[in-house]
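coords please:
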Amino acid sequence: MKKILVLLFLGTFFISCKKNKRAELEISFQTELNGSSFDMSNTFSDSQNRSIRLELFKFYLSNLSFIDEGGELHEFEEIVLLDLGSSGYTSFTSAIPTGKYTGLSVGIGVPQNLNEQDPSNYSEEDHPLNTTQATFWGMNSMYRFVMIDGRYDLEPDQTFDGTFSYHTGHNQSFRTITFNQNFEFKKNETYQIEL
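Coordinates of the predicted model:
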């Protein structure tokens, strides 16, 4: 009996030690125009002097991983859905593995193995791939990776002439980008990255 209790204690100790080798990271996003924060209630002019106002800007990030000095990926989030809302700002917080890293790898969109899943597989209401997120493209049986909707004024005369939507979602649209930057995260510390 004593041996069993000792083994249970040691198992619990090692599991909790492994779990505690984490730090907390907040990653935030802010839309910018000409180097200044930009919110969705404002308009901007494109290269043809049309006034544009964004009304929706949602996108998926996936396979978020830090890259160690040996090139190995350490994933900390499988998938997140970000909605920039009217402020043009959003953030999320994640537990991350401690250590030193030379880069951050981020997938833009939904990777093929998740993109081809049935959304009914994700029953938790706040899951990024749940049907309540309104991102599943039923007619194509896949998710929309990036959703940008807005209005445009051709003259510009302060009257919007029409609407536009840019939605991507095919597997070939999935992209991975890498930010080459040194990071160091220590146990039980809190960090922030602004993108």
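
tell me which residues form a beta bridge with residue 151?
When bridges are called by DSSP bridges, residue 151 pairs up with residue 53, residue 163.

What score does it have for pLDDT?
Listed pLDDT for residue 151 reads 95.

Same check on the one 10 residues further on?
Per-residue pLDDT puts residue 161 at 93.

quick one: contacts for it?
With C-beta atoms under 8 Å, 6 or more residues apart in numbering as the criterion, the residues that contact residue 161 are 152-155. Yep, even glycine has a C-beta here, placed from its N, CA and C like the rest.

Select only the buried ones of those in ChimeraX?
Selection of the buried residues among the contacts of residue 161 in ChimeraX, burial being defined by 16 or more other C-beta atoms under 10 Å:
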select :152,153
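
what about residue 41, how many neighbours?
Using other C-beta atoms under 10 Å, residue 41 is surrounded by 11 other residues.

Specify the local secondary structure of it.
With DSSP: H, G, I helix; E, B strand; the rest coil as the basis, residue 41 sits in coil.

how close does residue 98 get to residue 104?
15 Å (C-beta to C-beta, to the nearest Å).

got it, and residue 115?
Going from residue 115 to residue 104 by C-beta to C-beta gives 22 Å.

Neighbour count for the two, which is higher?
Neighbours per residue, other C-beta under 10 Å: of residue 115 and residue 104, the larger number sits with residue 115, 23 against 19.

Please name the residues that touch the more buried one.
For residue 115, the contact set (C-beta under 8 Å, 6+ apart) comprises 109, 142-143, 169, 171, 174.

Among the residues you listed, the buried ones, what's the PyMOL command?
Applying 16+ other C-beta under 10 Å to the contacts of residue 115, the buried members can be selected in PyMOL as follows:
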select buried, resi 109+142+143+169+174
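
Switch the contacts of residue 115 over to CSV; also include secondary structure.
What follows is these, written out as CSV (three-state DSSP):
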residue, secondary structure
109, coil
142, strand
143, strand
169, coil
171, helix
174, coil
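
Among the contacts of residue 115, which has the minimum pLDDT value?
residue 169 (88).

Leaving out sequence neighbours, find the closest residue to it.
residue 144 (4.4 Å; C-beta to C-beta, 6 or more residues apart in numbering).

With residue 132 instead?
Per C-beta to C-beta, 6+ apart, closest to residue 132 is residue 125, 5.6 Å.

Need phi/psi at the one you found.
phi -60, psi -30 (degrees, to the nearest 10).

what's the answer for the one 5 residues further on, then?
With angles defined as degrees, to the nearest 10, residue 130 shows backbone torsions of phi -70, psi 150.

Please consider this matter closed, and thank you.
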